[in-house]
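> Please find the sequence and the predicted model below.
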Amino acid sequence: MADAIRVLAMDGVQKANSGHPGMPMGMADVATVLFSKFLKFDASRPDWADRDRFILSAGHGSMLIYALLHLTGYKAATREELSNFRQWGSKTAGHPEYGHMPGVETTTGPLGQGLANSVGFAMAERHLAARFGENLVDHRTWVIAGDGCLMEGVSQEAIALAGRYRLNKLTVLWDDNAITIDGAVSLSDATDQKARFKACGWAVKAIDGHDVNEIKAALKWATRQDKPTLIACKTKIGKGAATMEGSHKTHGAALGAAEIAATRLGLSWTHEPFDLPDNIDKAWKKVGKQGVKARKAWEDRLAASSQAADFTRAMKGELPTSAFDALNATIAELVETKPAQATRQSSGAALDQLFGAVPELIGGSADLTGSNNTFVKDTPIFDAPTYEGRYVNWGIREFGMATAMTGMALHGGVIPYGGTFMVFSDYSRSAIRMAALMGIRVIHVLTHDSIGLGEDGPTHQPVEHLAALRAIPNLLTFRPADTVEAMECWQVALQTPTAPSALCLSRQKTAAVRITASDENLSARGAYELKAASGEARVTLFATGTEVPLALKAAETLEAEGTPTRVVSVPCWALFEQQDAAYQASVIGRGTVRVAVEAGVKQGWERFIGEDGAFIGMTGFGASAPAEILYDKFNITTEAVLAAVRARL
């Protein structure tokens, strides 16, 4: 059965003339034992909510998971898909991609992130078990990771979190083959990985990764531990290859026709590529069906449960029907009271109204709770041994937090959000990008969004970060202007299950700008006319966040001078691009003098102001001083807006 994986892997890579056969061949024995003896799954129902999750963190070895899915009878993993490995339109992409092939739980390309995702999967499982009971939620998360996954820095953040929270239903199977692309691991690393995991609170066992009995015993051992487990599987990369077994040359290239022919001979494998002996095919298909009984028993328990409706809704990612009742009532009040406050406080006020209405929300902060305003009063803390809490203390681990939140969202049943300073989105950017690539709902609360954070200085003042976040496809980057917009942006983020969101929020107070009631969520348009001109507009001013009041003040002065001026608030560029062409044209206002003001770099604003428009913002890094001094010294002022307009009228 393990040889079937080896042959499919080498044949798929050979046909594509591209890929990584060595890892699938080396871990075939471990994977065979895992799937046939321990993994709880039903190949006919890849979406079964209480299935075990299998994550191939070493995603370059994707033929391992494709072979397993094919062998166990997943309908989508056909022979044709395997033979079209890495080709246009196939479900068998070079690295496993979530949403392309059923049975692939997460997109694993950048090494280490699958391992970090798995921590989120395990956290979600424990939290949902606390909410709904182990009668409905009782499964494990299994990970295959390689040396590259363990070298990446995010692995340390991930394993430290898992150890702290004693996630005993998480098992990492380390493909300890001592090989990287360049050669031996010893060329670049001398870490005692087993000691590292132990130091982080994991139970650790080392085995021969080709000894079936040792593998069985170790996996059984893992299921009995009260902490997360690492099994170091000593393997030979390219196991079974005729002359290249153990060589780094099997890592990232096809073995070649001669080597494959010799390997077939050595394995006594006489079948053509992608053909299987009947007895092996039947044995694997039986594995794919052995979870049917457990799945049906679980479905009976779900049907009999008083929590069935809530559980099903949560796992589908659907919001409660009353999710926004309290929020909408608060928005109506805010239009009347017009509070001046930092938008990070506005975000916290939104959470106050949403948290009780949306029980799936589970949040936290990377050790900046008081600054990020992510904690809702009286919320229990997520922690062992009960896990019912909904607030996570992530520690100073922005990348680990972001990647684990992705895993939580992929698991389903929870809607994760997490806070840090916006400048540290650089640390979590790869995780944010992967969530956008997968099209999943993860909400990043990014406060201290400009030079307006003040005295902490340029190391903490984001200037290029809005442009960088906006460049990520399928990421909703919001920069609300006041409390009403912040609440509207939260609503859109929650109503969008197919994209992550970044809420960019100010440290400093800003005046209320939404002072007229609207039946529509105007922020959902991405950009909208906040203030109309008194006559036929000669000037259009664009702004986001804390700079919107500057634009409104400039418009007031221009109107007093007899120049009809309109102001457009632009809370989310990505949403604006989704509007129809007529609406976009009406908002942009071609034929007027156009000026944008934002305390960041200009990049991308040409979309709104054209080649001849003016931009008032940053051209370099910030400095250490109070916010009001910085805005003056960097010339982000009403006077600068007026000067730019007058020069163009």
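Alright, I've got the coordinates. Numbers count the residues shown, from 1 in each chain.

> wait, what's in contact with residue 649?
538, 539, 563, 593 (CB atoms under 8 Å, 6 or more residues apart in numbering). For the C-beta atoms, the positions are set from N, CA and C on the backbone; glycine is no exception.

> Hmm, residue 589 is touching residue 540, no?
Yes: counting by CB atoms under 8 Å, residue 589 does reach residue 540; the two are 3.9 Å apart.

> what do the two both touch?
566, 568.

> Would you mind telling me which of these two has more residues around it?
residue 540 (27 against 20; other CB atoms under 10 Å).

> Mind checking what secondary structure that one has?
What DSSP: H, G, I helix; E, B strand; the rest coil gives for residue 540 is strand.

> residues in contact with the nearest residue to residue 648 once chain neighbours are set aside?
Using CB to CB, 6 or more residues apart in numbering and skipping the chain neighbours, the partner closest in space to residue 648 is residue 593 (4.5 Å). Contacts for residue 593 (CB under 8 Å, 6+ apart) come out as 538, 539, 540, 613, 645, 648, 649.

> Quick check: residue 155 touching residue 112?
Yes: using CB under 8 Å, residue 155 makes contact with residue 112 at a distance of 4.8 Å.

> how close does residue 37 sit to residue 31?
11 Å (CB to CB, to the nearest Å).

> ok so residue 349 is a strand residue?
No: with three-state DSSP as the criterion, residue 349 is helix rather than part of a strand.

> Please name the residues that touch the closest residue to it other than its chain neighbours.
Of all residues not flanking residue 349 in the chain, residue 483 sits nearest, at 6.2 Å (CB to CB, 6+ apart). Residues in contact with residue 483 (CB under 8 Å, 6+ apart) are 334, 339, 341, 343, 345, 346, 349, 512.

> Which of these sits closest to residue 527?
If you rank the contacts of residue 483 by distance to residue 527 using CB to CB, residue 343 comes first, at 17.1 Å.

> Now do the helices in the stretch 451-600 of the chain.
Using DSSP state H, counting those that start in this stretch, the helices found in the stretch 451-600 of the chain span residues 465-470, 483-495, 548-560, 573-577, 581-588.

> follow-up on the earlier one: between residue 37 and residue 31, tell me which one has more neighbours.
residue 31 (27 against 14).

> That one: what's it in contact with?
2, 5, 64, 68, 144.

> Out of these, list just those in helices.
2, 5, 64, 68 (DSSP state H).

> Show the contacting residues for the closest residue to the second one other than its chain neighbours.
Think residue 5. Spatially, and ignoring its direct neighbours in sequence, residue 5 is nearest to residue 28 (4.0 Å; CB to CB, 6+ apart). The neighbours of residue 28, taking CB under 8 Å, 6+ apart as the test, are 2, 3, 5, 6, 9, 64, 239, 240.

> Could you rerun that using 6 Å?
2, 5, 6 (CB atoms under 6 Å, 6 or more residues apart in numbering).

> any chance of the residues you listed in TSV, plus pLDDT, distance to residue 635 and neighbour count?
Shown next, in TSV, are those (pLDDT from 0 to 100; distance: CB to CB, whole Å; neighbours: other CB atoms under 10 Å):
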residue	pLDDT	distance to residue 635	neighbour count
2	98	67	21
5	98	63	27
6	98	65	26
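
> Can you tell me which of the residues you listed lies closest to residue 448?
Nearest to residue 448 among the contacts of residue 28, with distances taken as CB to CB, is residue 5, at 49.3 Å.

> quick one, helices of the stretch 1-150 of the chain?
All helices of the stretch 1-150 of the chain, identified by DSSP H, counting those that start in this stretch, fall at 2-16, 22-26, 28-33, 62-72, 79-83, 113-132, 147-151.

> Which of these sits closest to residue 104?
Per CB to CB, nearest to residue 104 of the helices of the stretch 1-150 of the chain: helix 62-72, 6.5 Å.

> and that closest one, what does it pack onto?
Helix 62-72 sits against helix 2-16, helix 278-289, with contacts defined as 3 or more CB pairs under 6 Å, 6 or more residues apart in numbering; DSSP states H and E.

> Quick check: which helices or strands does the longest one pack against?
Identification of packing neighbours for helix 2-16 by 3+ CB pairs under 6 Å, 6+ apart yields helix 22-26, helix 28-33, helix 62-72.

> neighbouring contacts of that helix?
Contacts of helix 2-16 (CB under 6 Å, 6+ apart): 19, 21, 24-25, 28-29, 32, 63, 67, 82-83, 85-86, 240, 254-255, 260, 267, 269, 273, 280.

> How about the shortest one?
Defining contact as CB under 6 Å, 6+ apart, one finds that helix 278-289 is touched by 1, 4, 35, 36, 43, 71, 72, 73.

> with those residues in mind, which one is nearest to residue 323?
residue 43 (35.1 Å).

> which residues does the closest one contact?
So residue 43 contacts 72, 73, 74, 288 (CB under 6 Å, 6+ apart).

> So the third one versus residue 33, what's the distance?
Shown here: residue 74 relative to residue 33, a distance of 19 Å by CB to CB.

> How many residues are close by the residue nearest to residue 637 when sequence neighbours are not counted?
Residue nearest to residue 637 in three dimensions, not counting chain neighbours: residue 631, with 6.3 Å by CB to CB, 6+ apart. Neighbours of residue 631 under the rule other CB under 10 Å: 21.

> Next one: residue 631 from residue 125, what distance?
47 Å.

> in the sheet, who's paired with residue 207?
Residues found in beta-bridge contact with residue 207 (criterion: DSSP bridges) are residue 233.

> That one: neighbour count?
Residue 207: 22 neighbours (other CB under 10 Å).

> give the contact list for it.
Contacts of residue 207 (CB under 6 Å, 6+ apart): 214, 218, 233.

> tell me which of the residues you listed is nearest to residue 105?
Using CB to CB, the contacts of residue 207 come closest to residue 105 at residue 233, 20.3 Å.

> Brilliant, that's me finished.
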